[in-house]
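Enquirer: Have a look at this prediction, sequence included:
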Amino acid sequence: MANPYDVLGVSPSASDGDIRNAYRRLVKKLHPDLNPGDKAAEDKFKEVAGAYDLLGDADKRRRFDAGEIDETGTERPQQRYYRDYASGPGHAYADDGAFADYMDGDDVFAELLRRSQQARANRRGQDLRYRLAITFVESIAGANKRLTLPDGGTLDVTIPPGLIDGQVLRLRGKGAPGSGTGSAGDALIEVEVLPDPRFERDGDDISIELPISLTEAVRGGRVRAPTPTGEVTLTVPNGANTGTRLRLKGKGAPRRDGGHGDEYVKLKIVLPRVPDPDLEAFVERWEAGKSFNPREDR
């Protein structure tokens, strides 16, 4: 794999925000849903996702910059110090064997040693951190996802409706196993919401830009508009302009206190790609259109 900074097109001194913006820009360009059948774009998308998995995690980025892990996240061979040998098998500091003679006493020191030994024998397992990418629609409507772990195992993750980018989900008992009677650690899933070229989110509200034809703008009509839970029918008023903003009540993200935000639809008049002679002839004859100045209030 290439250097992750080169893959994202940023310098090693880039801020976390710069890295995040570069990643989102590339996702919008390379996402498989936007490039169906394009194997090169799909491969590049995977490479970009791998680079961001490394640089988007503060701890992984620090370890990569320090040379502790390589571009794939694999540990590099490390120089060993006395402390490493001191904690190795057979050394006096590796376990409580060196203090066995002191544990048989009745004083406070012996009691502390016995408690320390018991705590280590029944230690809780470590929490394990993972990253899971979901679509914008899944973040609004909720979803059930399966996360493949580095060891080949899987975790089933329930995405609650209304989740935001960067939110961490805790799966209790799904982390590293404990020792003795110690409980297992937890799995901490940091969720990344992939950008969707159709939607923008602002708190609990979302917005889209919806193209309409000149006929729909002049005469009004009913058109289909996308929402995170499926298309709905929207009424365009007579004389609508580019920039006209319509509200779809309750079609936004779920609110914490109940209910949903709204979806705002910004209309954009789009003319046919191929010039229409009849339309050009009409505009040429349209005297009121010639006298109208749309910039007079600017």
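Expert: Received the coordinates, thanks. Numbering: from 1, shown residues only.
Enquirer: okay, CA-based contacts and neighbour counts for the rest of this
Expert: Will do.
Enquirer: how about the strands of the stretch 151-298 of the chain, start to end?
Expert: Counting by DSSP state E, counting those that start in this stretch, the stretch 151-298 of the chain forms strands over residues 154-159, 168-171, 187-193, 200-202, 205-212, 221-225, 232-236, 245-248, 263-269, given from the N-terminal end onward.
Enquirer: Show me what the longest one is packed up against.
Expert: Meaning strand 205-212. If you count contacts as 3 or more C-alpha pairs under 8 Å, 6 or more residues apart in numbering; DSSP states H and E, strand 205-212 packs onto strand 200-202, strand 263-269.
Enquirer: Okay, now the sheet partners of that strand, with direction.
Expert: strand 200-202 (antiparallel), strand 263-269 (parallel) (DSSP bridges).
Enquirer: Run the angle between the longest one and strand 221-225 for me.
Expert: Between strand 263-269 and strand 221-225, the angle comes out at 120 degrees (axes from the mean of the first three to the mean of the last three C-alpha atoms, to 10 degrees).
Enquirer: What residues of strand 263-269 count as buried?
Expert: Burial within strand 263-269, assessed by neighbour count using 16 or more other C-alpha atoms under 10 Å, is assigned to 263, 264, 265, 266, 267, 268, 269.
Enquirer: ranges for the helices of the stretch 51-200 of the chain?
Expert: Remark: helices of the stretch 51-200 of the chain, listed N- to C-terminal, are 58-65, 82-86, 100-103, 108-121, 136-141; assignment by DSSP state H, counting those that start in this stretch.
Enquirer: looking at those, which one has the lowest mean pLDDT?
Expert: Comparing mean pLDDT over the helices of the stretch 51-200 of the chain, the weakest stretch is helix 82-86, at a mean of 40.
Enquirer: Redo the buried residues of strand 263-269 as a markdown table? Include distance to residue 218 and pLDDT.
Expert: Supplementary listing: these in a markdown table, determined by distance: C-alpha to C-alpha, whole Å; pLDDT from 0 to 100:
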| residue | distance to residue 218 | pLDDT |
| --- | --- | --- |
| 263 | 23 | 97 |
| 264 | 21 | 98 |
| 265 | 17 | 97 |
| 266 | 16 | 97 |
| 267 | 13 | 97 |
| 268 | 12 | 96 |
| 269 | 10 | 95 |
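Enquirer: residues touching the closest residue to residue 216 other than its chain neighbours, list them.
Expert: Using C-alpha to C-alpha, 6 or more residues apart in numbering and skipping residues adjacent in sequence, the residue nearest residue 216 is residue 236, 7.1 Å away. Applying C-alpha atoms under 8 Å, 6 or more residues apart in numbering, we find residue 236 in contact with 216, 217, 220, 221, 222, 223.
Enquirer: between these, which is closest to residue 207?
Expert: Among the contacts of residue 236, residue 223 lies closest to residue 207 (C-alpha to C-alpha), at 16.4 Å.
Enquirer: buried subset of the contacts of residue 236?
Expert: 216, 217, 220.
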